[in-house]
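J.: sharing a model that was predicted from the sequence below.
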Amino acid sequence: SQKIEQNSEALNIQEGKTATLTCNYTNYSPAYLQWYRQDPGRGPVFLLLIRENEKEKRKERLKVTFDTTLKQSLFHITASQPADSATYLCALWGNYQLIWGAGTKLIIKP
Amino acid sequence: KAGVTQTPRYLIKTRGQQVTLSCSPISGHRSVSWYQQTPGQGLQFLFEYFSETQRNKGNFPGRFSGRQFSNSRSEMNVSTLELGDSALYLCASSHGLADYEQYFGPGTRLTVT
(Lines give C-alpha, C1' and ligand atoms only; values in the text may rest on other atoms or scores of the structure.)
Protein backbone atom coordinates (compact mmCIF):
# COMPACT_ATOMS: atom_id res chain seq x y z
CA SER A 1 0.00 0.00 0.00
CA GLN A 2 1.03 3.60 -0.46
CA LYS A 3 2.91 4.89 2.53
CA ILE A 4 4.46 8.21 3.55
CA GLU A 5 6.93 8.41 6.41
CA GLN A 6 8.11 11.43 8.30
CA ASN A 7 10.37 11.43 11.33
CA SER A 8 7.98 10.92 14.23
CA GLU A 9 10.44 12.28 16.77
CA ALA A 10 10.57 16.00 17.41
CA LEU A 11 13.45 17.85 15.81
CA ASN A 12 15.25 20.33 18.06
CA ILE A 13 17.28 23.00 16.27
CA GLN A 14 19.16 26.00 17.57
CA GLU A 15 17.93 29.38 16.37
CA GLY A 16 19.80 30.56 13.31
CA LYS A 17 20.66 27.07 12.10
CA THR A 18 19.13 25.22 9.14
CA ALA A 19 16.39 22.74 9.92
CA THR A 20 16.00 19.79 7.55
CA LEU A 21 12.90 17.59 7.58
CA THR A 22 12.51 14.35 5.64
CA CYS A 23 9.57 12.82 3.83
CA ASN A 24 9.96 9.31 2.40
CA TYR A 25 7.37 7.43 0.41
CA THR A 26 6.93 3.93 -0.93
CA ASN A 27 4.81 2.20 -3.55
CA TYR A 28 3.95 5.42 -5.22
CA SER A 29 5.05 7.68 -8.07
CA PRO A 30 3.60 11.07 -7.23
CA ALA A 31 3.38 13.83 -9.77
CA TYR A 32 3.26 16.41 -6.99
CA LEU A 33 4.32 16.73 -3.40
CA GLN A 34 3.20 19.42 -0.98
CA TRP A 35 4.43 20.69 2.36
CA TYR A 36 2.22 22.23 5.02
CA ARG A 37 2.71 23.77 8.41
CA GLN A 38 0.34 23.08 11.29
CA ASP A 39 0.20 24.91 14.60
CA PRO A 40 -1.52 23.32 17.64
CA GLY A 41 -5.30 23.37 17.39
CA ARG A 42 -5.29 24.80 13.87
CA GLY A 43 -5.66 23.52 10.36
CA PRO A 44 -2.57 23.01 8.17
CA VAL A 45 -1.32 25.92 6.09
CA PHE A 46 0.11 25.36 2.61
CA LEU A 47 3.80 26.20 2.18
CA LEU A 48 5.21 24.78 -1.04
CA LEU A 49 4.37 22.46 -3.90
CA ILE A 50 7.01 20.71 -5.99
CA ARG A 51 6.42 18.74 -9.18
CA GLU A 52 8.16 15.51 -10.18
CA ASN A 53 10.16 17.28 -12.89
CA GLU A 54 11.43 19.91 -10.44
CA LYS A 55 14.48 19.11 -8.38
CA GLU A 56 14.20 22.08 -6.07
CA LYS A 57 11.78 24.85 -5.10
CA ARG A 58 12.43 27.90 -2.96
CA LYS A 59 10.32 30.43 -1.14
CA GLU A 60 12.06 32.97 1.06
CA ARG A 61 13.83 30.92 3.77
CA LEU A 62 12.20 27.67 2.67
CA LYS A 63 13.59 25.13 0.23
CA VAL A 64 12.14 21.82 -0.89
CA THR A 65 13.88 19.12 -2.89
CA PHE A 66 12.28 16.15 -4.59
CA ASP A 67 14.25 13.03 -5.51
CA THR A 68 12.00 10.58 -7.35
CA THR A 69 14.78 7.98 -7.48
CA LEU A 70 15.25 7.96 -3.73
CA LYS A 71 11.51 8.51 -3.25
CA GLN A 72 12.29 11.30 -0.86
CA SER A 73 11.62 14.97 -0.31
CA LEU A 74 13.64 17.21 1.97
CA PHE A 75 12.28 20.41 3.48
CA HIS A 76 14.79 23.01 4.65
CA ILE A 77 14.29 26.13 6.75
CA THR A 78 17.37 28.35 6.76
CA ALA A 79 18.16 30.92 9.47
CA SER A 80 15.51 29.26 11.63
CA GLN A 81 13.55 31.29 14.17
CA PRO A 82 11.50 30.29 17.24
CA ALA A 83 8.40 31.32 15.26
CA ASP A 84 9.15 28.45 12.86
CA SER A 85 8.34 25.98 15.63
CA ALA A 86 5.38 23.91 14.44
CA THR A 87 4.52 20.52 12.96
CA TYR A 88 5.36 20.15 9.29
CA LEU A 89 3.39 17.78 7.09
CA CYS A 90 4.16 16.42 3.66
CA ALA A 91 1.48 15.14 1.33
CA LEU A 92 1.37 13.38 -2.02
CA TRP A 93 -1.40 13.71 -4.56
CA GLY A 94 -3.05 10.55 -5.84
CA ASN A 95 -6.47 9.16 -6.68
CA TYR A 96 -8.19 12.51 -6.17
CA GLN A 97 -6.86 12.88 -2.66
CA LEU A 98 -3.84 14.01 -0.75
CA ILE A 99 -2.09 11.21 1.15
CA TRP A 100 -0.51 12.64 4.28
CA GLY A 101 2.47 11.89 6.44
CA ALA A 102 2.01 12.03 10.22
CA GLY A 103 4.19 15.14 10.43
CA THR A 104 7.39 16.13 12.17
CA LYS A 105 7.34 18.50 15.13
CA LEU A 106 10.04 21.14 14.79
CA ILE A 107 11.25 23.04 17.86
CA ILE A 108 13.54 26.02 17.37
CA LYS A 109 15.35 26.93 20.57
CA PRO A 110 16.41 30.56 21.17
CA LYS B 1 -11.07 36.85 0.44
CA ALA B 2 -12.69 35.11 3.40
CA GLY B 3 -11.07 31.85 4.50
CA VAL B 4 -12.61 28.46 5.11
CA THR B 5 -15.04 28.47 7.99
CA GLN B 6 -16.22 25.54 10.06
CA THR B 7 -19.00 25.34 12.58
CA PRO B 8 -19.22 24.54 15.35
CA ARG B 9 -15.65 24.87 16.62
CA TYR B 10 -16.20 22.62 19.61
CA LEU B 11 -18.72 19.90 20.27
CA ILE B 12 -19.33 17.41 23.05
CA LYS B 13 -21.59 14.46 22.32
CA THR B 14 -22.54 11.21 23.98
CA ARG B 15 -21.96 7.76 22.55
CA GLY B 16 -24.75 6.71 20.24
CA GLN B 17 -25.72 10.24 19.26
CA GLN B 18 -25.22 11.71 15.82
CA VAL B 19 -23.53 14.94 14.80
CA THR B 20 -23.47 17.24 11.79
CA LEU B 21 -20.51 19.47 11.02
CA SER B 22 -20.54 22.31 8.52
CA CYS B 23 -17.90 23.77 6.23
CA SER B 24 -18.02 26.88 4.04
CA PRO B 25 -15.23 26.92 1.45
CA ILE B 26 -13.41 29.85 -0.02
CA SER B 27 -15.49 31.62 -2.65
CA GLY B 28 -14.88 30.09 -6.07
CA HIS B 29 -13.58 26.78 -4.74
CA ARG B 30 -15.62 23.82 -5.91
CA SER B 31 -13.83 21.07 -4.01
CA VAL B 32 -14.26 20.32 -0.33
CA SER B 33 -12.35 17.54 1.42
CA TRP B 34 -12.91 16.29 4.95
CA TYR B 35 -10.24 14.86 7.24
CA GLN B 36 -10.07 13.32 10.69
CA GLN B 37 -7.02 14.06 12.80
CA THR B 38 -6.19 12.34 16.09
CA PRO B 39 -3.07 12.74 18.27
CA GLY B 40 -0.11 10.98 16.72
CA GLN B 41 -1.99 10.23 13.49
CA GLY B 42 -1.65 11.93 10.20
CA LEU B 43 -4.63 13.43 8.50
CA GLN B 44 -7.01 10.63 7.63
CA PHE B 45 -9.00 11.33 4.48
CA LEU B 46 -12.76 10.94 4.85
CA PHE B 47 -14.16 12.09 1.51
CA GLU B 48 -14.00 14.75 -1.15
CA TYR B 49 -16.84 16.53 -2.89
CA PHE B 50 -16.57 18.39 -6.15
CA SER B 51 -19.54 20.22 -7.63
CA GLU B 52 -21.98 18.38 -5.35
CA THR B 53 -20.63 14.93 -6.24
CA GLN B 54 -18.61 12.71 -3.99
CA ARG B 55 -15.48 12.14 -6.01
CA ASN B 56 -13.54 10.00 -3.59
CA LYS B 57 -13.95 8.31 -0.23
CA GLY B 58 -11.48 7.14 2.39
CA ASN B 59 -11.58 3.99 4.49
CA PHE B 60 -14.15 4.97 7.06
CA PRO B 61 -17.32 3.11 8.02
CA GLY B 62 -20.68 4.04 6.58
CA ARG B 63 -21.50 5.96 9.78
CA PHE B 64 -19.51 8.80 8.24
CA SER B 65 -21.32 10.56 5.42
CA GLY B 66 -21.31 13.90 3.74
CA ARG B 67 -22.86 16.09 1.13
CA GLN B 68 -22.20 19.27 -0.77
CA PHE B 69 -24.69 21.92 -1.72
CA SER B 70 -24.93 23.96 -4.89
CA ASN B 71 -23.11 26.88 -3.22
CA SER B 72 -20.20 24.48 -2.45
CA ARG B 73 -20.91 24.48 1.27
CA SER B 74 -20.50 21.02 2.71
CA GLU B 75 -21.69 19.05 5.69
CA MET B 76 -20.49 15.83 7.19
CA ASN B 77 -22.53 13.61 9.44
CA VAL B 78 -21.45 10.96 11.89
CA SER B 79 -24.15 8.66 13.19
CA THR B 80 -24.05 6.36 16.22
CA LEU B 81 -21.01 8.07 17.69
CA GLU B 82 -18.28 5.99 19.28
CA LEU B 83 -15.60 7.07 21.75
CA GLY B 84 -13.00 6.60 19.01
CA ASP B 85 -14.66 9.27 16.91
CA SER B 86 -13.24 11.93 19.22
CA ALA B 87 -10.94 13.94 16.99
CA LEU B 88 -10.30 17.19 15.20
CA TYR B 89 -12.32 17.25 12.00
CA LEU B 90 -10.87 19.45 9.31
CA CYS B 91 -12.30 20.53 6.04
CA ALA B 92 -10.24 21.92 3.20
CA SER B 93 -11.28 23.68 0.04
CA SER B 94 -9.47 23.95 -3.26
CA HIS B 95 -10.04 24.42 -6.97
CA GLY B 96 -10.06 20.64 -7.18
CA LEU B 97 -7.10 20.04 -9.43
CA ALA B 98 -4.09 18.00 -8.40
CA ASP B 99 -1.57 20.81 -8.37
CA TYR B 100 -3.63 23.24 -6.34
CA GLU B 101 -3.03 23.65 -2.65
CA GLN B 102 -5.73 23.01 -0.10
CA TYR B 103 -6.94 25.70 2.26
CA PHE B 104 -7.96 24.39 5.64
CA GLY B 105 -10.51 25.62 8.09
CA PRO B 106 -9.81 25.84 11.83
CA GLY B 107 -11.46 22.50 12.46
CA THR B 108 -14.19 21.19 14.72
CA ARG B 109 -13.02 19.55 17.92
CA LEU B 110 -15.44 16.69 18.62
CA THR B 111 -15.39 14.97 21.99
CA VAL B 112 -17.49 11.84 22.49
CA THR B 113 -18.15 10.83 26.08
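T.: Received it, and whenever you're ready, just let me know what you need.
J.: OK, contacts around residue B:111?
T.: B:10-13, B:86 (CB atoms under 8 Å, 6 or more residues apart in numbering or on different chains). Any C-beta I mention is one placed from the backbone N, CA and C, and that applies to glycine too.
J.: show me what it is bridged to.
T.: residue B:12 (DSSP bridges).
J.: what about residue B:28, distance to residue A:91?
T.: As defined by CB to CB, to the nearest Å, residue B:28 lies at a distance of 22 Å from residue A:91.
J.: give me the more crowded residue out of the two.
T.: residue A:91 (26 against 9; other CB atoms under 10 Å in any protein chain shown).
J.: picking up where we left off before, now, of the contacts of residue B:111, which are buried?
T.: Neighbour counting with 16 or more other CB atoms under 10 Å in any protein chain shown marks B:13, B:86 as buried within the contacts of residue B:111.
J.: element containing the residue of chain A found nearest chain B?
T.: Relative to chain B, the nearest point of chain A is residue A:43 (2.9 Å; CB to the nearest CB). For residue A:43, there is no enclosing helix or strand under DSSP states H and E.
J.: show me where the chain has strands.
T.: Since you didn't name a chain, this refers to chain A. Secondary structure of chain A (DSSP state E): strands located at A:3-6, A:11-14, A:19-26, A:32-38, A:45-51, A:56-59, A:62-67, A:72-77, A:86-94, A:97-100, A:104-109.
J.: ah, I was thinking of chain B
T.: B:5-7, B:10-13, B:19-24, B:31-37, B:44-50, B:53-57, B:64-68, B:74-78, B:87-94, B:103-104, B:108-112.
J.: CSV for these, including mean pLDDT and distance to residue A:51?
T.: What follows is the strands of chain B, written out as CSV (pLDDT from 0 to 100; distance: least, CB to CB, whole Å):
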stretch, mean pLDDT, distance to residue A:51
strand B:5-7, 97, 30
strand B:10-13, 97, 38
strand B:19-24, 98, 28
strand B:31-37, 95, 19
strand B:44-50, 93, 21
strand B:53-57, 92, 21
strand B:64-68, 97, 28
strand B:74-78, 98, 28
strand B:87-94, 96, 16
strand B:103-104, 95, 20
strand B:108-112, 97, 33
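J.: many thanks, we can stop here.
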